[in-house]
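> sequence below, structure please.
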Amino acid sequence: MGLLDRFQSMFQGTKKVDVSDRFELLREAVSGTMSSFYMARDRRDGRIVGLKVGDREKVTAFEARFKGLKKPSEGEIASSFKHPLIVETYEYGTTSEGVPYIVMEYLSGPGLQTLVHNNDPLLEGRRLLLVRQMAEALEVVHKAGYIHRDVCPRNFIVSPDGEALKLIDFGLTVPATREFMQPGNRTGTPLYMSPEVVRRRWTDQRLDVFSFGVTAYHVCACQLPWPSGDATGQAALTHDTLPPIEILEFRPTLNRKLGRLIMRCMKANPNDRPQTMEQVVRDLRQIAGDDE
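Below is the predicted model:
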């Protein structure tokens, strides 16, 4: 059995879905790390859904990293979560063209990345709330035994009123077990990558703590801690050679306790960070008031 066949066999069910026949693609929302995401109408019941269709070449290359390991598919992982801070997955499988697909709830609110990029007024007075919800979503992922590996603003969707968000993507997620934490798996979004990922070292769930810290910094300051015009892995090499800019330099009115926690999460040495997302959540819940 070839690699692609083995990958396909991991998906739910044996019946393949003709996406163009079953779904009316209303618009392409975003292109993800290894897939395209659409707002679609399911012709069976008229329901508006989010439809994620994998890129054959990218998915196959990613799965090749775990040859011989029993890695659960993105659909298996995503469908295992039933939590208000994580997008609900309805169905997953393989298309008639032999690529993975996932059907999920369609979230109509703005992406966190867009809000941060525009320094959107919707963030005002809500940064601490949203940062806390990000941490709580990741705590759920970690307690389920996974490493997300791609924590960044792009992977959170905010409700239209700005009061809630949801984690949306598990394309790079792996089990938090020794065989999946070995050196060499340099995947993720470069500007949010931890040093141990960039340097191809042993990893664990603390890499998500680092990426959470960078994401929270970006949300609170609307700047990155290592400003760079380079969005490639080359820029991420500075994450353990240059200290991050103190967040209060960009946002002096930020809650001091929140600022200190964010800076701790971004420590180059994993031993110097909060050791679990549970600890991060606990610390965040002790911070009162809004973000300023």
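
> so who does residue 53 touch?
Shown in contact with residue 53 (CB atoms under 8 Å, 6 or more residues apart in numbering): 19, 35-38, 95, 99-101. From N, CA and C alone the C-beta is placed, and that goes for glycine too.

> select from the residues you listed the one having the most neighbours.
Counting neighbours by other CB atoms under 10 Å, the top entry in the contacts of residue 53 is residue 100, with 26 neighbours.

> quick one on the thing from earlier: so which of the contacts of residue 53 sit within helices?
residue 19 (DSSP state H).

> pretty sure residue 111 is touching residue 165, no?
No. Using CB atoms under 8 Å, residue 111 is not in contact with residue 165; the gap is 9.7 Å.

> those two - which one has more neighbours?
Legend: neighbour count by other CB under 10 Å for residue 111 and residue 165, higher for residue 165 (26 against 19).

> does that one really touch residue 112, like I thought?
Yes. Residue 165 sits in contact with residue 112 when judged by CB under 8 Å, with a separation of 6.4 Å.

> now the common contact residues for residue 111 and residue 165.
With CB under 8 Å, 6+ apart, residue 111 and residue 165 have common neighbours 156-158.

> strands of the stretch 101-250 of the chain, start to end?
Taking DSSP state E, counting those that start in this stretch, the strands of the stretch 101-250 of the chain run over residues 146-147, 156-158, 165-167, 174-175.

> mind putting those strands into CSV with distance to residue 219 and mean pLDDT?
Formatted as CSV, the strands of the stretch 101-250 of the chain follow (distance: least, CB to CB, whole Å; pLDDT from 0 to 100):
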stretch, distance to residue 219, mean pLDDT
strand 146-147, 21, 98
strand 156-158, 9, 97
strand 165-167, 10, 98
strand 174-175, 25, 96
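
> between these, which gets nearest to residue 273?
Nearest to residue 273 among the strands of the stretch 101-250 of the chain is strand 146-147; the distance by CB to CB comes to 14.2 Å.

> what residues does stretch 151-168 touch?
The contact list for stretch 151-168 (CB under 8 Å, 6+ apart) reads 30, 84-87, 104, 107-113, 115-116, 122-123, 126, 129-130, 133-134, 137-138, 141, 148, 169, 188-189, 191-192, 208, 211-212, 214-215, 218-219.
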